[in-house]
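Chemist: My questions are about this predicted structure, shown below with the sequence.
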Amino acid sequence: MTTTATISKPTAEPLPDLLTLEDLVERLQLSMSTIRRLVTAGEIPAFKLGARVLRVRRSDYEAYLESLGKSQTGRG
């Protein structure tokens, strides 16, 4: 008896509702210090879970991406 293995294409996992700063570093290809600066400046809204843990809502991350697109289209 022979067995045939099927290989499925990897699917993109949906983003979780809450992202870590490390997630943003990976997705935006920016340094951690840049991500922290954007959070401190309020460009990417984040909130604390406990004393030291920061999280970003997926909707805020997506809004930040949209704002990048809008600011680039306004340039000549």
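Modeler: Alright, I've got the coordinates.
Chemist: Tell me both backbone torsions, phi and psi, for the residue positioned nearest the centre of the chain.
Modeler: When CA atoms, centre = their mean is applied to the chain, the residue found nearest the centroid is residue 24 (4.0 Å). When quoted as degrees, to the nearest 10, the phi and psi of residue 24 stand at phi -70, psi -40.
Chemist: gap between it and residue 55?
Modeler: Note on residue 24: its distance to residue 55, by CB to CB, to the nearest Å, is 10 Å. C-beta here means a position set from N, CA and C on the backbone, and glycine is covered the same way.
Chemist: So which elements touch the helix or strand of the chain with the lowest mean pLDDT?
Modeler: Comparing every helix and strand of the chain by mean pLDDT, DSSP states H and E singles out helix 58-73 as the least confident one, with a mean of 88. Applying 3 or more CB pairs under 8 Å, 6 or more residues apart in numbering; DSSP states H and E, we find helix 58-73 packed against strand 18-19.
Chemist: Show me the contact partners of the strand it packs on.
Modeler: Strand 18-19 is contacted from outside by 27, 55, 56, 57, 58, 61, using CB atoms under 8 Å, 6 or more residues apart in numbering.
Chemist: Would you list the strands that the stretch of helix or strand the third one belongs to pairs with, along with their directions?
Modeler: Element membership of residue 56 [criterion: DSSP states H and E] is strand 53-57. According to DSSP bridges, strand 53-57 forms sheet pairs with strand 18-19 (antiparallel), strand 47-49 (antiparallel).
Chemist: Can you name the residues in contact with it?
Modeler: With contact meaning CB under 8 Å, 6+ apart, strand 53-57 is reached by 17-21, 23-24, 39, 44-49.
Chemist: any idea how far it is from the chain center?
Modeler: Distance of strand 53-57 from the chain centroid (CA atoms, centre = their mean, to the nearest Å) equals 10 Å.
Chemist: just stretch 49-62 next, same as before
Modeler: On CA atoms, centre = their mean, the centre of stretch 49-62 falls 10 Å from the chain's centre.
Chemist: Many thanks, we can stop here.
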